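A.B. asks: just coords:
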């Protein structure tokens, strides 16, 4: 079966999270790798989704599920990163008047007590002083008080409020595969920024009138190995799947979200970080990739790469692993969809030594091989190549971000 490929400018802005910056709840945390609320709304309308579950296998900050909640659908989201899992749980929770009162009371207590804190819970991350400098002491004092809140729901709310401002109050910036330190970055006062964030989140809670339907779920697990009980719950009851997996570009998101993972208490020692990395999609090199054999759909690509100078020998293993892993996700997708249901994937291509890995085309081939009845690649926008790759393309940069539409 032929795979349709077309340019579709309608998606160019929708695959960018920036549109969400003024949307209540969505705006709590700026996730660079996300897409817009409008993308999900457009897909629901375009495919006339009337009932059934809406599912996201790479839940991230919860955009897909939050829109599903707003529109009255049941939903499931799966996420391996414990920080992003908690972020989406907090964003998707239903808050009562009692919860709002408790949040206000705890905010007042925290700001009354933080100066008197003598014993501060330590965080064993060496870069904290470099990142936060004058803000660090107050961050750690506030953090110590947050972790003493008895009510888990309220405690989680404050953890996310704290973590959602660390980009603004520190000298580090998320950039590519980790953190960088821009020379001219202007930082904000932590106490003021944290207080304003709590107020913003409270305002959004009051203005967001939608409630969860029974049967929803946000699950902290490896999307390649989802517990059977969850698959059975949504099997052949899912009308729409939307997700954006990590791209095959060697980015390690435990490194990108290192500050959130350590300050949030999700990681207390390196072994715990290593476990998260090993249980994540094979899109980076900081995990065991030895078990993956040659993947049939990318043999030609790998043959070309084997004759090129790669900056790491593990890249070929990673690419094999990436598409093996994605095949498992696509199998899950096919099995849970109703006949006529849709699976939408937002993904970008990658390049190594001037050779482009057409991830959108390869995933479409895997999907049709599994049994999807149709596959359409909508090219949303060009992706910027690194300066090293740009030289090798010699003016023919075909790197792109696409929206793949699969129909069962």
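C.D. replies: Looks like it came in fine. The structure displayed is predicted, hence computed values, not measured ones.
A.B. asks: And the helices in the stretch 251-400 of the chain?
C.D. replies: Using DSSP state H, counting those that start in this stretch, the helices found in the stretch 251-400 of the chain span residues 253-256, 258-263, 270-278, 299-306, 314-336, 359-370, 387-393.
A.B. asks: C-terminal to the lowest-mean-pLDDT helix or strand in the chain, what's the next element?
C.D. replies: In the chain, no helix or strand scores lower on mean pLDDT, DSSP states H and E than helix 387-393, which sits at a mean of 64. Sequence-wise, the next helix or strand downstream of helix 387-393 (DSSP states H and E) is strand 400-407.
A.B. asks: Quick check: phi and psi at the most centrally placed residue in the chain.
C.D. replies: Central residue check for the chain by C-alpha atoms, centre = their mean: the C-alpha nearest the mean position is that of residue 60, 2.8 Å away. With angles defined as degrees, to the nearest 10, residue 60 sits at phi 60, psi -130.
A.B. asks: who's sitting farthest from the centroid in the protein?
C.D. replies: residue 116 (37.1 Å).
A.B. asks: For residue 364, give me the pLDDT.
C.D. replies: Here the pLDDT value assigned to residue 364 is 97.
A.B. asks: any idea how far it lies from residue 272?
C.D. replies: Shown here: residue 364 relative to residue 272, a distance of 36 Å by C-beta to C-beta, to the nearest Å. Where you see a C-beta, it was placed from the backbone N, CA and C, and this is true even at glycine.
A.B. asks: Out of those two, name the residue with the larger neighbour count.
C.D. replies: More neighbours surround residue 364 than the other of residue 364 and residue 272, with 26 against 14 (other C-beta atoms under 10 Å).
A.B. asks: What sits closest to the more buried one if chain neighbours are left out?
C.D. replies: In this structure, residue 364 finds its nearest non-sequential neighbour in residue 375, 4.1 Å apart by C-beta to C-beta, 6 or more residues apart in numbering.
A.B. asks: what's the residue nearest to the centre of the chain in contact with, if anything?
C.D. replies: Residue 60 makes contact with 31, 33, 34, 79, 84, 88, 244 under the criterion C-beta atoms under 8 Å, 6 or more residues apart in numbering.
A.B. asks: same thing with residue 79?
C.D. replies: So residue 79 contacts 58, 59, 60, 85, 88, 218, 219, 220, 221, 223 (C-beta under 8 Å, 6+ apart).
A.B. asks: picking up where we left off before, the helices of the stretch 251-400 of the chain: which one's closest to residue 54?
C.D. replies: Distances from residue 54 to each of the helices of the stretch 251-400 of the chain were compared using C-beta to C-beta; the minimum, 11.0 Å, belongs to helix 314-336.
A.B. asks: Only the buried residues of that closest one, if you could.
C.D. replies: Across helix 314-336, burial judged by 16 or more other C-beta atoms under 10 Å covers 314-330, 332-334, 336.
A.B. asks: returning to that earlier point: from the contacts of residue 79, which would you call buried?
C.D. replies: The buried subset of the contacts of residue 79 - by 16+ other C-beta under 10 Å - is 58, 59, 60, 85, 88, 218, 219, 220, 223.
A.B. asks: could you give the angle of the longest strand seen in the chain to helix 314-336?
C.D. replies: In the chain, taking DSSP state E as the definition, the longest strand is strand 337-348. On the basis of axes from the mean of the first three to the mean of the last three C-alpha atoms, to 10 degrees, strand 337-348 is oriented at 150 degrees to helix 314-336.
A.B. asks: Now do strand 337-348: which elements does it pack against?
C.D. replies: Applying 3 or more C-beta pairs under 8 Å, 6 or more residues apart in numbering; DSSP states H and E, we find strand 337-348 packed against helix 37-46, strand 238-243, helix 314-336, helix 359-370, strand 400-407.
A.B. asks: Just send these back as TSV, with distance to residue 198 too.
C.D. replies: Shown next, in TSV, are those (distance: least, C-beta to C-beta, whole Å):
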stretch	distance to residue 198
helix 37-46	23
strand 238-243	30
helix 314-336	36
helix 359-370	40
strand 400-407	35
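A.B. asks: These: which one's closest to residue 191?
C.D. replies: The nearest among those, by C-beta to C-beta, is helix 37-46 at 30.6 Å.
A.B. asks: in this structure, what spans have low per-residue confidence?
C.D. replies: Low-confidence segments of the chain (pLDDT under 70): 1, 385-397.
A.B. asks: how about the helix or strand containing residue 99: buried residues?
C.D. replies: According to DSSP H and E, residue 99 maps onto helix 97-113. Neighbour-count burial for helix 97-113 flags 99, 102, 103, 106, 107, 110 (criterion: 16+ other C-beta under 10 Å).
A.B. asks: Spell out which residues sit in contact with the last one, please.
C.D. replies: What it means is residue 110. Contacts of residue 110 by C-beta under 8 Å, 6+ apart are 142, 145, 146, 158.
A.B. asks: if we go to 7 Å?
C.D. replies: 142, 145 (C-beta atoms under 7 Å, 6 or more residues apart in numbering).
A.B. asks: where does the residue nearest to residue 114 when sequence neighbours are not counted land in three-state SS?
C.D. replies: Leaving aside its sequence neighbours, residue 114 sits nearest to residue 141 (C-beta to C-beta, 6+ apart; 4.5 Å). Residue 141 carries the three-state label helix when classified by DSSP: H, G, I helix; E, B strand; the rest coil.
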